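Participant: A structural model of the following input is requested.
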Amino acid sequence: MKKIVSFFILLTLLFACNVNEKPEFLSVQNIEVKSISLNNIELRAEALFLNPNDIGGRLESDSIKVYVNDVLVGNVKAQEFKVPAREEFTLPLTATVNAKKVFEEDQGGVIGGVLNSIFKKKIKVQYKGNIYYKITGFSYPYEIDITEEVDIK
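Facilitator: Model (predicted):
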């Protein structure tokens, strides 16, 4: 008898939860240079989402490439992110790129462009790729392609 009651309680809870929508991708914001040295440039941005569901899921963002002044310099390094239920949330997108790689690329005057950017105290940063929302066998990609000129502090 206890098993039957437990089964019906579980079914009631499952059907009462709203899981009919994927989280809504709102924007990428707050792109900034966190630190810069002769060896590394640390970039950070935030992907803003809204989850209207009663349960969460998880997001993965390892397939996002980072470009500085149109030169591919690395990928976002992120751990799996647990999506909160019924909440607006941000997914941090952090990348540490090798500054030497930017300077060694000499395609169409990229070095001059980078040096010019340093003198102007701005660089062009692009995040391009996919963030994947995953929940119990379901996966949905969010395409990210954002470019901004970012101040170097």
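Participant: Now the residue nearest the centre of the chain: which helix or strand?
Facilitator: Nearest to the mean C-alpha position of the chain, counting by Cα atoms, centre = their mean, stands Leu93 at 4.2 Å. Assigned by DSSP states H and E, Leu93 falls within strand 87-98.
Participant: any idea how far Gln126 is from Tyr133?
Facilitator: 22 Å (Cβ to Cβ, to the nearest Å). (Glycine included, C-beta is placed from N, CA and C.)
Participant: picking up where we left off before, now do the strand holding Leu93: which elements does it pack against?
Facilitator: For strand 87-98, the packing partners by 3 or more Cβ pairs under 8 Å, 6 or more residues apart in numbering; DSSP states H and E come out as strand 24-36, strand 40-51, strand 65-68, strand 71-75.
Participant: can you list those in CSV and add mean pLDDT and distance to Leu59?
Facilitator: Output for the helices and strands packed on strand 87-98, formatted as CSV (pLDDT from 0 to 100; distance: least, Cβ to Cβ, whole Å):
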stretch, mean pLDDT, distance to Leu59
strand 24-36, 90, 10
strand 40-51, 91, 8
strand 65-68, 90, 17
strand 71-75, 87, 15
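Participant: beta partners of the nearest residue to Ile31 once chain neighbours are set aside?
Facilitator: Closest residue to Ile31 apart from its sequence neighbours, by Cβ to Cβ, 6 or more residues apart in numbering: Ala45 at 4.3 Å. The partner list for Ala45 in beta bridges (DSSP bridges) reads Leu93.
Participant: Next, count neighbours for Ala45.
Facilitator: Residues lying near Ala45 (other Cβ atoms under 10 Å) number 24.
Participant: Confirm for me that it is in contact with Gln126.
Facilitator: No - in this structure, Ala45 is not within contact of Gln126 by Cβ atoms under 8 Å, at 10.4 Å.
Participant: still on that earlier bit, do you know how far the residue nearest to Ile31 is from Phe138?
Facilitator: Distance, Ala45 to Phe138, using Cβ to Cβ: 26 Å.
Participant: before we move on, what about Gly129?
Facilitator: Going from Gly129 to Phe138 by Cβ to Cβ gives 20 Å.
Participant: higher neighbour count, those two?
Facilitator: Gly129 (18 against 10).
Participant: Quick check, that one in contact with Ser63.
Facilitator: Yes - the pair Gly129 and Ser63 passes the contact test of Cβ under 8 Å, sitting 4.6 Å apart.
Participant: No further questions, thank you.
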